[in-house]
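J.: How does the following fold in three dimensions:
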Amino acid sequence: MAPDQFVYISDSALQELQEYILFPLRFTLKTPGPKRERLVQSVVQCITSILSTTCVKKQDLLQELFSELCLCLSSPSGLQSPAPLSEELKLTVIQALQVLMHSAYGDIILTLYQPSTLPHLGFAVSLLLALAEQEKAKQIKLSALKCLQVLILQCDCQEHHRLLDMAETRHYGNLFASFLPGISTALSRVITGDIKQGHMVTVSAIRLFYQTVCLAMADEQLATITQDEEKPSVEQSRVSELVVHRGSDWVKSTADKLSLLIHKIVEFASLHPHWKVRMELVELVHHLMLKCSQSLVESVGHLLKALVGLVNDESNEVQIKCHEILRSIAELRTVAENRALADILSENLHSLATALPRLMNSQDDQGKFSTLSLLLGSLKLLGPKVNIVLNSAAHLQRLSKALMQVLELDVADVKIVKERHWGPENSLGEPLGSLQHGKSQKKYFRFFSDERIFLLIQQVCRVLGYYGNLYLLVDHFMGLYNESVVYRKQAAMVLNELITGAAGLEVDVLHERETAVSTEDLKGTITSILEEYTDQANWYLTTSTETEGTSDELTVKHSRVRAIPRGAHSSYLISSSSPSSDPSPTIRSMNSNIWQICIQLEGVGCFAYVLGKEFRLLLASVLYPVLEKAGDSSLLISQTATGTMVDVCHACGYDSVQNLINANSDYLVNGISLNLRRVAHQPHASRVLEAMLRHSDASLLPLVEDVIQDALSALDQFYDDRASSFLGVLSTLVAALAQWFIVGKGKEHPQEQNLEQQSSTSSQKQGEGSVITPMVQEVEQFFLDYIKQSQIAEGNLPAMEEEEEEVQAPPPEPEMNDSSAEGETPLPAHAQIAKDVMRCIHLLSDKSAAICFPMAHRTWPALVTRLINDDPLAVLRAFKVLCTLAEKCGDFLKRRFSKDVLPKLAGSLVAQAPVSARAGPMYSHTLAFKLQLAVLQGLGLLCEKLDLGESDLNKVADACLIYLTFPSNLMCVDPDATWLFLNEICCPLPPVKLEGSTSPVEIVYESTNVKRLKTTDLI
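T.: Predicted structure coming up:
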């Protein structure tokens, strides 16, 4: 009868005739002698078909069928290895065994698990393990593992299975403890076998491994077994040798052996490419930690290592599962309440911290990421028990030194020093929303480049701050901060993160700490750290090699460092070394100083974030130093300080940086005023004023009027040493005035209109009852002023008058502010301040030529001196000033420019042309090149704005012709003269010979560039 013919028989009839139908099939299997495989396969298929629809209700039938099916797989020569059968037959027999186990009715299945049946069970287990390990076919491996799972009563199929009570579970644990060594060893070989076997085989083997271990090594079972408990009585003495007693000695011995296997499995499966294998490894950790954490205490380190190592797995499913299990372990306090586990984790943490520097040097970024994930997971699992590690001086020393080495920055980048912040461009009036909140500068580390690694280190430090003793940690890392400049940047980064973690902000933990740090403790700790950060030795560091900047920094530090000579190239430190024997700062040391200041500024922002509005109490001592750095010439420091102010605004509840500065301007102005009087000892007061002007609005102006006058006085007093810093402040001031009060050409800012309205109202009140100036007098005064300005524009002032104007103090212009003298309205406050700031007059946009022209006249002699007799850097800046003056004053400067400046500029261009023609690629980095380029770019604009005549245009054309790029602005000024000049150089048409005695014309064909200029720019 074929197996498919049983479908025509009802289930009840098959159940009644079960033994009758099975008898010939069983007889066929038991007949001695060789049998055809196809016959055996058909018989086994028939048995499977019958058992799938009936129940085995007799103990003898179950045991006999179990033995007969196992014999079908065994080898005639030996019982320990499977017979060399076809894959189809093996698969059929394995499936028949599964069906047999599922068909056992009620408690009949329990009769198979008695001490007397241990040899039969052992025989079946050996066969199935051999098939799972030796067979090549994936389906046979999976079926054998599935059958073993059913055999140990851990089947996870959809069928209903009888639930075991505590006594039965203990009984089966005693029984399968005899098979645990063989099963675990064979399964470990399957798990770590060839990866080509497929991930499903590995997954099934891992699942069977932890199910078997949990059955024999469960803490709950072992706790009920006494040392004096007798072995079960067994009739046969040989069978009794198979039964083991799960006493303490056996548990310890077995746990030691399992620890080796678990370590082997963890190392292999945690790196398996398939995410389902890694997921099953997480399940293994979960079950063993949940049920066997006491008996397998030696393996806990390996298990937790696997778990925390997979927290940041590339698979989201694995990540989520790891977090769930970690939280369940924390909630059950498996580690926190187990001193043995805590000691093991502490030792593992110590070993990891010891090896961390070596691993950071030898591993790639992925390996470093896994190592740091393990460190972070260990700290999270220890939770409050982390103080066991921190209270040990050796442990804390190793951990801190490891963090110091890992966080070492790469300070070799030249761009950090090279990028400078020269002026207020793109800095004024930045709204709060346009700045990044809480975003620190991107750092480049020596030992890793993956940003995820730095995020892990941040979490490590925050977890330490969350669980650890804050005073102990801060004291230890402040000691490292002061111990060596090598550790200072790393220690500051760790301190910033410790405080953030201690406040419980942006830290991921598994269980709550016992007691939270109070706000008062945080405030006290932060205050002490800020005192160290803003100490002169740590705040005023050498960040550049400019003459004035270097002297500024070293005045505070009372040391002497030779600066680069005046006029030297900006890449001096890179291209050559100092010929002098005096020590000079290196690129690496300046980079290190810049990063240290930036990290300390970021720390101020972190502390403000931690304290919130409580940080307002510390602004009196912190805001002034931060504003100093906001005005620093280093771009990185300036940007970081600006970001710190934004963080402070968010934390303290200010709407904008302007509100922050305005609300605290009283003591800021007082500090600036005091420090301006002792510039030699406090050289950075000008930076604070500059930063206030850059980041505030017009409402600040009345508060800083006196301070601006103090700055002008200090400039006069310290002109030789600190001119550039004060001029930077004045430049920022005038740019701020232009932004605050000038919207566009011919349009006034509303604030200016309000000031003018207030001024006119005041004048009306003061002039009540006075005689109004008649129209005739106003017209007369208008023409007198026009004649005077025309004379000034033509340069027709007597020499004596010019000298008197330059020497006389105060200048005659302030008379215009005296309303009682000529009846004119006084200048607005901002215009009067701009009028006083003569050194930055080019930054002022004023609609009154009566004020602008005389100021340009007085500025001209000093500007000409800088243009023709100074170093290239000063000439470059002076030329930009000249372009601004030309744009604002127009042809007022025409004659002066033609007489004093143009010959020198043209001669310089002609002289530099051969040099630039022969120069290599490095020439583009020199100041000479930059000056040359700026003059060529700006000369055409000057010709257009000043409306130069034909003779001057010819000078410009002669100088520019050598560079083969003609300034198109000349075409706009005088296209006829320019065309004639080009035509004299290159005439595309042959000359026409006239009648008479005229001399022949000689034509010179220079280049096609002239033709291109004539055909493009003149169209």
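J.: Quick check: end-to-end length of stretch 627-644?
T.: Taking Cα to Cα, to the nearest Å as the measure, stretch 627-644 stretches 10 Å from start to finish.
J.: Please apply the same query to stretch 913-930.
T.: Stretch 913-930 end-to-end distance (Cα to Cα) = 13 Å.
J.: pLDDT of it, averaged?
T.: Averaged over stretch 913-930, pLDDT sits at 80.
J.: Likewise for stretch 735-748?
T.: 63.
J.: Which parts of the stretch 1-150 of the chain are helices?
T.: Remark: helices assigned in the stretch 1-150 of the chain by DSSP state H, counting those that start in this stretch are 11-16, 18-30, 37-53, 59-73, 87-103, 118-134, 138-151.
J.: For these, give me CSV that also has distance to H302.
T.: (Glycine included, C-beta is placed from N, CA and C.) Below are these laid out as CSV (distance: least, Cβ to Cβ, whole Å):
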stretch, distance to H302
helix 11-16, 50
helix 18-30, 46
helix 37-53, 41
helix 59-73, 35
helix 87-103, 32
helix 118-134, 23
helix 138-151, 23
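J.: out of these, which comes closest to H511?
T.: H511 sits nearest to helix 138-151 of all the helices of the stretch 1-150 of the chain, at 34.6 Å, using Cβ to Cβ.
J.: Pull out the buried residues from that closest one.
T.: I140, K141, L142, S143, A144, L145, K146, C147, L148, Q149, V150, L151 (16 or more other Cβ atoms under 10 Å).
J.: okay, the fifth one: pLDDT?
T.: In this case it means A144. pLDDT for A144: 93.
J.: residue contacts, it?
T.: I94, L128, L129, L131, A132, E135 (Cβ atoms under 8 Å, 6 or more residues apart in numbering).
J.: Which of those residues sits closest to M493?
T.: The nearest member of the contacts of A144 to M493, counting by Cβ to Cβ, is A132 at 51.9 Å.
J.: I'd say the closest one and K138 touch.
T.: No - applying Cβ atoms under 8 Å, one finds A132 not in contact with K138, separated by 10.8 Å.
J.: S484: neighbouring residues, count only.
T.: 10 (other Cβ atoms under 10 Å).
J.: go on, K136?
T.: By the measure other Cβ under 10 Å, the count of residues near K136 is 10.
J.: State the phi and psi torsions of it.
T.: Dihedral angles of K136 (phi, psi; degrees, to the nearest 10) stand at phi -90, psi -30.
J.: F445 too?
T.: For F445, the backbone dihedrals (degrees, to the nearest 10) come out as phi -100, psi 160.
J.: Just give me the neighbour total for it.
T.: That count, for F445 with other Cβ under 10 Å as the rule, works out to 18.
J.: so who does it touch?
T.: Per Cβ under 8 Å, 6+ apart, neighbours of F445: V406, L407, E408, L409, D410, I453, F454.
J.: Surely the first one and I457 touch.
T.: I take that to be V406. Yes - between V406 and I457 there is a contact under Cβ under 8 Å: 6.4 Å.
J.: Please identify which of those two sits among more neighbours.
T.: Neighbours were tallied for V406 and for I457 using other Cβ under 10 Å; the higher tally belongs to V406 (26 against 23).
J.: ok, the more buried one - contacts?
T.: With Cβ under 8 Å, 6+ apart, V406 has these contacts: L356, P357, M360, L372, F445, F447, F448, I457.
J.: I figured the third one hits I453, correct?
T.: Put plainly, it is M360. No - taking Cβ under 8 Å as the definition, M360 is not a contact partner of I453, at 9.2 Å.
J.: residues shared between the contacts of the two?
T.: K368.
J.: So which residue is dead centre in the protein?
T.: Nearest residue to the geometric centre of the chain (Cα atoms, centre = their mean): K442, 5.2 Å.
J.: if I pick the residue lying closest to F179 once chain neighbours are set aside, what's in contact with it?
T.: In space, and not counting its chain neighbours, F179 is closest to V125: 5.5 Å by Cβ to Cβ, 6 or more residues apart in numbering. Taking Cβ under 8 Å, 6+ apart, we find V125 in contact with L148, L151, F179, G182, I183.
J.: Out of these, name the two that are farthest from one another.
T.: L151 and G182 (13.2 Å).
J.: where are the low-confidence patches of the stretch 1-150 of the chain?
T.: Where the stretch 1-150 of the chain drops to pLDDT under 70, the residues are 1-8, 77-80.
J.: ok, Q95 touching I140?
T.: No - taking contacts as Cβ under 8 Å, Q95 lies outside contact range of I140: 10.4 Å.
J.: Tell me where the stretch 851-1000 of the chain is predicted with low confidence.
T.: Residue ranges of the stretch 851-1000 of the chain with pLDDT under 70: 851-852, 869-870, 964-975, 977-979, 981-1000.
J.: Noted, bye for now.
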